[in-house]
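one predicted model, sequence on top.
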Amino acid sequence: MYSATDVIWVLVSAVLVFFMQAGFALCEAGLTRAKNTGNILMKNMMDFCIGVPCFWLIGFGIMFAGSGSFIGGFDPLIRGSYDFGTLPTWCYAIFQTVFCATAATIVSGSMAERTNFKAYCIYSAAISLVVYPISGHWIWGGGFLAKIGVMDFAGGIVIHVSAGFAALASVIFLGRRDDMKPGEPTVPNNLPLVAVGAGLLWFGWFGFNAGGAYAADGLAAYAFTNTTIAGSIAMIVWMLYDWHYDRKPSFSGVLVGAVAGLATITPCAGYVEPWAAIIIGAVGSSVCYYAKYVQERLGFDDALEVWRAHGMGGVTGALLLGILASSNIDKVNASIHQFLMQLLGVIIVAVYSFVVTIIIFKVISAWGPIRVTKEEEEAGLDESLHGEEAYKM
């Protein structure tokens with residue numbers, strides 16, 4: 001029997017997660033250079049439009065076809081032959097669809113300002129077909145990681161670890177931007193745009209995490225509360241680091257801290273007490289902040305800090321679940337065994353996402369260039385790829 005209340009809550013959560021597309025678009029557009037703003041906006045919107053048919057026709061079936069099959073998406077979806085408790089198949093499917101689009105969008109920030117748009121569209125389809133659905137199947141669809149006890153409440157591993165390490169692979173494969181010196185930061189072109197985008201992201205994250213309860217109940221309230229606490233604490237901690245090291249806390253910097261905290265709480269939002277969210281936000285912010293030294297040491301040109309904030313945030317949160325989870329919340333208790341299972345799940349998904357993304361880029365590059373030319377990059381992708389300017393001064 002379906003629950004009208006649960007259906008309404010999950011559909012509202014899906015709307016909130018959909019709004020994250022606009023949040024990512026505005027954040028990325030404001031954080032990058034003005035000459036690439038239109039390209040950033042275009043990529044974020046196309047992620048959703050490309051991801052929807054790919055996931056509905058094939059990806060959903062891969063993710064939820066059962067432990068013995070990786071095929072059969074469209075027909076079972078239409079027949080409604082899946083069992084999602086108090087939710088009809090269509091309701092559960094649309095919630096998972098907006099999640100899939102988010103996974104693709106997260107990666108777009110890492111490869112900003114140098115990626116050929118045609119190649120990017122192919123990549124967006126590929127991640128919606130084979131990266132997100134398969135890692136999702138392993139943990140949420142009854143796959144082998146679920147069977148050994150790996151837990152992920154709202155996508156810290158399935159989305160943030162997966163997207164974060166796909167972003168790392170794309171950064172390594174694409175190389176540095178030609179018109180950026182090693183270590184040179186990307187200077188934001190529009191901070192008010194970033195502020196609105198960050199607000200929409202945080203707004204959408206309530207649906208992202210609390211919607212993971214799949215019911216309008218106390219568990220959703222815990223996830224909602226923990227999301228609020230962790231994001232706030234992470235932003236404060238990041239500001240303190242900025243103050244300590246740079247003497248001047250930057251707005252664009254502390255927003256990265258907030259995203260890091262939100263990503264860190266995601267896998268354990270419905271498994272921990274609110275007091276634990278304070279620790280999770282602080283630790284997540286710290287790990288992601290200091291990850292910049294690894295990034296700088298290796299010379300990664302991650303334009304929008306995707307690997308740091310999402311990848312390392314997801315890793316940290318997934319591991320903290322094994323340390324801080326309370327069975328008083330949702331039948332998962334902290335233990336050495338749980339921690340080791342979380343570690344195994346993180347490693348497998350990170351390696352899978354990284355390797356498959358490299359393969360995807362190699363296949364795409366065999367058909368055509370993934371990077372724009374040096375001349376196109378210097379002119380800006382708005383003019384060279386789309387023939388328009390985002391700002392008319």
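Nice, I can see it.

how about stretch 376-383 as PDB, C-alpha atoms only?
What follows is stretch 376-383, C-alpha atoms only, in PDB (Å, rounded to 0.1, in the frame of the first residue of the first chain):
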ATOM      1  CA  GLU A 376      39.600  28.600 -28.400                       C
ATOM      2  CA  GLU A 377      40.600  28.400 -24.800                       C
ATOM      3  CA  GLU A 378      42.200  31.900 -24.800                       C
ATOM      4  CA  ALA A 379      39.200  33.400 -26.600                       C
ATOM      5  CA  GLY A 380      36.800  31.800 -24.100                       C
ATOM      6  CA  LEU A 381      34.400  28.900 -24.700                       C
ATOM      7  CA  ASP A 382      31.300  31.100 -24.900                       C
ATOM      8  CA  GLU A 383      32.400  32.800 -28.100                       C
END
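
by mean pLDDT, point me to the weakest helix or strand of the chain.
When the helices and strands of the chain are scored by mean pLDDT, DSSP states H and E, helix 74-79 comes last with a mean of 45.

residue contacts, Val372?
Residues in contact with Val372, defined by CB atoms under 8 Å, 6 or more residues apart in numbering, are 114-116, 381, 384-385. C-betas here are computed from N, CA, C, even on glycine.

which of the residues you listed tops the neighbour count?
Counting neighbours by other CB atoms under 10 Å, Leu381 comes out on top of the contacts of Val372 with 26 neighbours.

from what I see, that residue and Asn36 are in contact.
Yes. Here Leu381 lies in contact with Asn36, judged by CB atoms under 8 Å, at a distance of 4.8 Å.

list residues touching both of the two?
Joint contacts of Leu381 and Asn36 (CB under 8 Å, 6+ apart) are Glu113.

how about the contacts of Val372 in TSV, adding pLDDT and secondary structure?
Listed next are those as TSV, based on pLDDT from 0 to 100; DSSP: H, G, I helix; E, B strand; the rest coil:
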residue	pLDDT	secondary structure
Arg114	93	coil
Thr115	95	strand
Asn116	95	coil
Leu381	94	helix
Ser384	93	helix
Leu385	93	helix
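
what's the closest of the residues you listed to Leu343?
Thr115 (32.4 Å; CB to CB).

ok, that closest one - contacts?
174, 370-372.

could you dump the residues you listed to a markdown table with distance to Tyr271, pLDDT and secondary structure?
Below are these laid out as a markdown table (distance: CB to CB, whole Å; pLDDT from 0 to 100; DSSP: H, G, I helix; E, B strand; the rest coil):
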| residue | distance to Tyr271 | pLDDT | secondary structure |
| --- | --- | --- | --- |
| Leu174 | 36 | 93 | helix |
| Ile370 | 39 | 93 | coil |
| Arg371 | 41 | 94 | strand |
| Val372 | 43 | 94 | coil |
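
now, which of the contacts of Val372 sits nearest Val306?
Thr115 (13.2 Å).

before we move on, the earlier item: which of the contacts of Val372 sits closest to Asp179?
Arg114 (9.1 Å).

excluding chain neighbours, what is closest to that closest one?
Distance criterion CB to CB, 6 or more residues apart in numbering; nearest residue to Arg114, sequence neighbours excluded, is Arg177 at 5.1 Å.

tell me the secondary structure for the one you found?
Secondary structure, DSSP: H, G, I helix; E, B strand; the rest coil: Arg177 is coil.

where does pLDDT dip in the stretch 1-150 of the chain?
Along the stretch 1-150 of the chain, the model assigns pLDDT under 70 to residues 66-83.

switch the cut-off to 80
Applying pLDDT under 80 to the stretch 1-150 of the chain flags residues 1, 65-83.

can you redo the contacts of Thr115 as TSV with distance to Glu296?
Formatted as TSV, the contacts of Thr115 follow (distance: CB to CB, whole Å):
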residue	distance to Glu296
Leu174	18
Ile370	24
Arg371	22
Val372	25
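
contacts for stretch 135-149 next, please.
Defining contact as CB under 8 Å, 6+ apart, one finds that stretch 135-149 is touched by 62-67, 70, 96, 150-152, 157-158, 162, 337-338, 341, 344-345, 348-349, 352-353.

just the buried residues out of these, in PyMOL syntax.
Burial among the contacts of stretch 135-149 is assessed by 16 or more other CB atoms under 10 Å; the matching PyMOL selection reads:
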select buried, resi 62+63+64+65+70+96+150+151+152+157+158+162+338+341+345+348+349+352+353
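
just checking, which of the contacts of stretch 135-149 belong to helices?
Secondary structure from DSSP state H places 62-64, 96, 162, 337-338, 341, 344-345, 348-349, 352-353 of those in helices.

for Val363, see how far away Ala126 is.
In this view, Ala126 and Val363 are 8 Å apart by CB to CB, to the nearest Å.

neighbour count for the two, which is higher?
Shown here are Ala126 and Val363; by other CB under 10 Å, Ala126 has more neighbours (21 against 12).

name the element the closest residue to the more buried one other than its chain neighbours belongs to?
Setting aside the residues directly before and after it, Ala126 is nearest to Ile360 in space (CB to CB, 6+ apart), at 4.6 Å. Using DSSP states H and E, the element containing Ile360 is helix 336-367.
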